[in-house]
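Enquirer: this is a predicted model, with the sequence first.
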Amino acid sequence: MKLLGHVDSLKSQTSIKFAAFIFISVASFYLGKHWSDGSRQLIFFSRQSPSGTTSSSPSIALSPNLNKEFNVSALIDTPEPPRSAKSGGKWASGSLKAPPPPPEFKIYGIVDENGTMSDKFEIGEFDTDLVENWDNGAEIEAETGKEDVRSTFRVKKFGFCGENMREYIPCLDNVEAIRRLKSTERGERFERHCPEKGKGLNCLVPAPKGYRPPIPWPRSRDEVWFNNVPHTRLVEDKGGQNWISRKGKDKFKFPGGGTQFIHGADQYLNQISKMVPDITFGHHIRVVLDVGCGVASFGAYLMSRNVITMSVAPKDVHENQIQFALERGVPAMAAAFATRRLLYPSQAFDLIHCSRCRINWTRDDGILLLEVNRMLRAGGYFAWAAQPVYKHEEALEEQWEEMLNLTTSLCWNLVKKEGYIAIWQKPLDNSCYLSREAGTSPPLCDPDDDPDNVWYVDLKACISRLPENGYGANVAPWPARLQIPPDRLQSIQIDSYIARKELFTAESKYWNEIVDSYVRALHWKKFQLRNVLDMRASFGGFAAAIIENQLDAWVLNVVPISGPNTLPVIYDRGLIGVMHDWCEPFDTYPRTYDFLHAAGLFSIERKRCNMSTIMLEMDRILRPGGRVYIRDSLDVMDELEDIAKAMGWRPTLRDTSEGPHASYRILTCDKRHG
């Protein structure tokens, strides 16, 4: 009982304490409210209802400090204002240093420091040599600042060159350099002699008066507009040999004949196939070189047999033959067998053809035929149609004997001689060369000689060795070889983090998807593209995609000297290409390509040469109405777009398939001026 009474006593005391706490709290609230009425208050939000339950809508209470003022500044320790150096302050004494001024804002694009468009932006580094020679009517603004300020220039508009430069090829028409040559007896004047840096093309090459959009392929194989190539010398010189003729006042007509096949190229090709049944055009014979091509009817008629032909001839007395070939829509380049290697790799061509090409193959110990041997694929064929083959005159018979002796020393096998055509076959390996008697001429080249090194490399009077592993000889028949990774892929000097065959396959897939999107989204089949130049071709994936998408066009793949030499892979795929340095002009006539493609080119080459130099060369070789696609990094696009506008192109900057945040863009341009 006592225990129970003690418990009741404790409960009573607790109740009294709780009641007292409640009373004091209520009293404090009302006293504070009374004294704070009319004062500044803060507003408090609460979800607690007056009854003590949680409410869905917030309630509002006012701060008891409403309208009260406090001197906050008295609570803050205000630092002393800085004293000047004259007053002997801390900054002057050296104990504290003044903060450095903000860095000068540098403008690298078309947007200034405020985020607005600027009229002053860069197009590459200031090249005084280039600017001093811009005296052709190009409008230029140049600004040179004081010390430590970078010099910039801005091109507003390029002017046109003189009318005498309508057919100008800078490296083949360099009259001053040709005059300084010590000798021209071996054809040196037909080789590359490029202008010095700063003295190259700095204007837009004009089109002939009356220029018209080219006749589309396949009609262009048989006729072209007269005003596009207004030269009649070939008609006067070769009209009787069925090369070319005038058709009315506005067209040239091409009957399809040649000096040795005046009855037509088709009949001539049939004769070659009958002579050597293993020459199966479009199957084992896919890539051909036609030397001294005339207007390229040989290559033009091979295209219908799934054969692509590189037609070459020098810019000699018949200087416009290459221009006619390209106007027809047939692959061709200005090139000469003279003192340097041609710009094609070893084992490039399945068949090399010469029909009255006016080349003395046996001169200088056969050095020119040794160049043919370098470019001819192991097991490939050389077809020679010339007077020494069939004419029985003493001088011509001596030439034939010299040719037989030379080809025998090269281990070539005379497969067939019929009428005015002789056909030899190159061996598949080095066994014949190694079994010759010691001292036999010509000798084998040194083992360290690279037969694929061709940029400004002199001809060598030796036999290029074939790879001991058989690389280059075992290519698949067409069209399978287009997508099969070739053996020579393994010999390319590249840094690869994955297997090379996987890299090859991935590149092919990449370009096939891109070209497929171009065809669908940009309606490429309506463009009537014919002559296409890929300026940085890698393994030729872009050209392969053109074929896979069944576009009626051919592609010349260019491998820049600034990167790995992938030309052997391109030829093993059944495609054609050439080595080139884009800091120099290209060996073709003006207005010879419908479409130029450059992927990742400028971000690399701008380290070596001015981007405007490359763009002006692109304008020279592009036909009026032609198109350019440049896929490159963002940091070059502003400059390229401005140069394009200065040349009169119509540029459009597009996102890649990766979206607007990708580091790459596509600059599509249309050339309008004619």
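Expert: Happy to help now that I have it.
Enquirer: am I right that residue 355 is in contact with residue 258?
Expert: Yes. At 5.8 Å, residue 355 counts as touching residue 258 under the criterion of CB atoms under 8 Å. Where C-beta positions appear, they are placed from N, C-alpha and C, glycine not excepted.
Enquirer: intersection of neighbour lists for these two?
Expert: Jointly contacting residue 355 and residue 258 under the rule CB atoms under 8 Å, 6 or more residues apart in numbering are residue 298.
Enquirer: so these two - more neighbours on which side?
Expert: residue 258 (26 against 22; other CB atoms under 10 Å).
Enquirer: helix/strand/coil for the more buried one?
Expert: coil (DSSP: H, G, I helix; E, B strand; the rest coil).
Enquirer: ok, now residue 471?
Expert: Recorded secondary structure, residue 471: coil (three-state DSSP).
Enquirer: so what's it up against?
Expert: Contacts were defined as CB under 8 Å, 6+ apart; by that measure residue 471 touches 487-488, 490-491.
Enquirer: tell me the pLDDT of it.
Expert: With respect to pLDDT, residue 471 scores 95.
Enquirer: tell me how far it lies from residue 490.
Expert: Residue 471 is 8 Å from residue 490, where distance means CB to CB, to the nearest Å.
Enquirer: buried ones in stretch 655-665?
Expert: Within stretch 655-665, the residues that count as buried by 16 or more other CB atoms under 10 Å are 664-665.
Enquirer: which other helices and strands does the longest strand along the chain contact?
Expert: Scanning the chain for the longest strand, with DSSP state E as the assignment, gives strand 622-633. Applying 3 or more CB pairs under 8 Å, 6 or more residues apart in numbering; DSSP states H and E, we find strand 622-633 packed against strand 593-599, helix 602-605, helix 634-646, strand 664-671.
Enquirer: gap between it and the chain center?
Expert: 10 Å (CA atoms, centre = their mean, to the nearest Å).
Enquirer: same check on stretch 297-305?
Expert: Centroid separation between stretch 297-305 and its chain, computed with CA atoms, centre = their mean, is 27 Å.
Enquirer: in that stretch, which residues are buried?
Expert: 297-303.
Enquirer: got the CA coordinates for it in PDB?
Expert: Extracted C-alpha coordinates of stretch 297-305, given in PDB (Å, rounded to 0.1, in the frame of the first residue of the first chain):
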ATOM      1  CA  SER A 297      38.800   5.300-125.900                       C
ATOM      2  CA  PHE A 298      40.600   2.100-124.800                       C
ATOM      3  CA  GLY A 299      39.800   2.800-121.200                       C
ATOM      4  CA  ALA A 300      36.300   4.200-122.000                       C
ATOM      5  CA  TYR A 301      35.200   0.900-123.600                       C
ATOM      6  CA  LEU A 302      36.800  -1.200-120.900                       C
ATOM      7  CA  MET A 303      34.400   0.400-118.300                       C
ATOM      8  CA  SER A 304      31.500  -1.600-119.700                       C
ATOM      9  CA  ARG A 305      33.500  -4.700-119.000                       C
END
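Enquirer: give me the contact list for it.
Expert: Residues from elsewhere that reach stretch 297-305, judged by CB under 8 Å, 6+ apart: 221, 243, 254, 256-258, 261, 264-266, 268-269, 281-282, 288, 290, 293, 308-311, 325, 328, 330-332, 353, 355, 554.
Enquirer: just the buried members of the residues you listed?
Expert: Here, 16+ other CB under 10 Å leaves 221, 243, 254, 256-258, 261, 264-265, 268-269, 281-282, 288, 290, 293, 308-311, 325, 328, 330-332, 353, 355, 554 buried among these.
Enquirer: quick one: which of those sit in strands?
Expert: Secondary structure from DSSP E places 288, 290, 308-311, 332, 353, 355, 554 of those in strands.
Enquirer: most widely separated two among these?
Expert: 355 and 554 (21.4 Å; CB to CB).
Enquirer: hmm, back to that, so which of the helices and strands packed on strand 622-633 is the most surrounded?
Expert: With neighbours taken as mean count of other CB atoms under 10 Å, the helices and strands packed on strand 622-633 reach their highest mean count in strand 593-599, at a mean of 23.
Enquirer: give me the angle between that strand and strand 622-633.
Expert: Using axes from the mean of the first three to the mean of the last three CA atoms, to 10 degrees, the inter-axis angle of strand 593-599 relative to strand 622-633 is 10 degrees.
Enquirer: may I have strand 593-599 exported as CSV, CA atoms only?
Expert: The C-alpha atoms that make up strand 593-599 are tabulated as CSV, following Å, rounded to 0.1, in the frame of the first residue of the first chain:
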residue,chain,number,x,y,z
TYR,A,593,36.2,16.6,-111.4
ASP,A,594,32.5,16.8,-110.5
PHE,A,595,32.9,16.0,-106.8
LEU,A,596,35.8,16.4,-104.3
HIS,A,597,35.8,14.5,-101.0
ALA,A,598,38.1,15.4,-98.1
ALA,A,599,37.9,13.5,-94.8
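Enquirer: for the spatially closest residue to residue 390 that is not a sequence neighbour, which residues are in contact?
Expert: Excluding its sequence neighbours, the residue lying closest to residue 390 (CB to CB, 6 or more residues apart in numbering) is residue 420, at 4.3 Å. By CB under 8 Å, 6+ apart, the contact list for residue 420 reads 260, 385-387, 389-390.
Enquirer: so for residue 420, what's the pLDDT?
Expert: 93.
Enquirer: what is the neighbour count of residue 501?
Expert: When neighbours are counted by other CB under 10 Å, residue 501 comes out with 13.
Enquirer: neighbouring contacts of the helix or strand that contains it?
Expert: Assigned by DSSP states H and E, residue 501 belongs to helix 500-521. With contacts defined as CB under 8 Å, 6+ apart, helix 500-521 is touched by 483, 485, 489-490, 492, 494, 496, 524-525, 538-539, 541-542, 544-546, 548-549, 551, 569, 629, 657.
Enquirer: selecting buried members of these in PyMOL, what would you type?
Expert: This is the PyMOL syntax for the buried subset of these, where burial follows 16+ other CB under 10 Å:
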select buried, resi 483+485+489+492+524+538+539+541+542+544+545+546+548+549+551+569+629
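Enquirer: inside helices: which ones of the contacts of helix 500-521?
Expert: The members of those that map onto helices under DSSP state H are 541-542, 544-546, 548, 569.
Enquirer: including distance to residue 479 and pLDDT, could these go into CSV?
Expert: Shown next, in CSV, are the ones in helices among the contacts of helix 500-521 (distance: CB to CB, whole Å; pLDDT from 0 to 100):
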residue, distance to residue 479, pLDDT
541, 15, 98
542, 17, 98
544, 10, 98
545, 14, 98
546, 13, 97
548, 10, 96
569, 16, 98
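Enquirer: which one of these is nearest to residue 454?
Expert: For those, the nearest to residue 454 is residue 569 (15.1 Å; CB to CB).
Enquirer: touching, that closest one and residue 539? I think so.
Expert: Yes. Under the criterion of CB under 8 Å, residue 569 makes contact with residue 539 at 5.2 Å.
Enquirer: what's the overlap in contacts for those two?
Expert: What both residue 569 and residue 539 touch, as defined by CB under 8 Å, 6+ apart, is the set 489, 504.
Enquirer: tell me where the model's unsure across the chain.
Expert: Applying pLDDT under 70 to the chain flags the ranges 1-155, 198, 239-240, 497-498, 674.
Enquirer: go with 80
Expert: Applying pLDDT under 80 to the chain flags residues 1-156, 197-200, 237-242, 259-260, 262, 317-319, 495-498, 657-658, 673-674.
Enquirer: what's the domain layout of it?
Expert: 209-474, 477-673 (the TED database).
Enquirer: who wins for proximity to residue 161 among those?
Expert: Residue 161 sits nearest to domain 477-673 of all these, at 9.1 Å, using CB to CB.
Enquirer: start and end of the closest one, how far apart?
Expert: Its first and final residues considered, domain 477-673 spans 43 Å by CA to CA, to the nearest Å.
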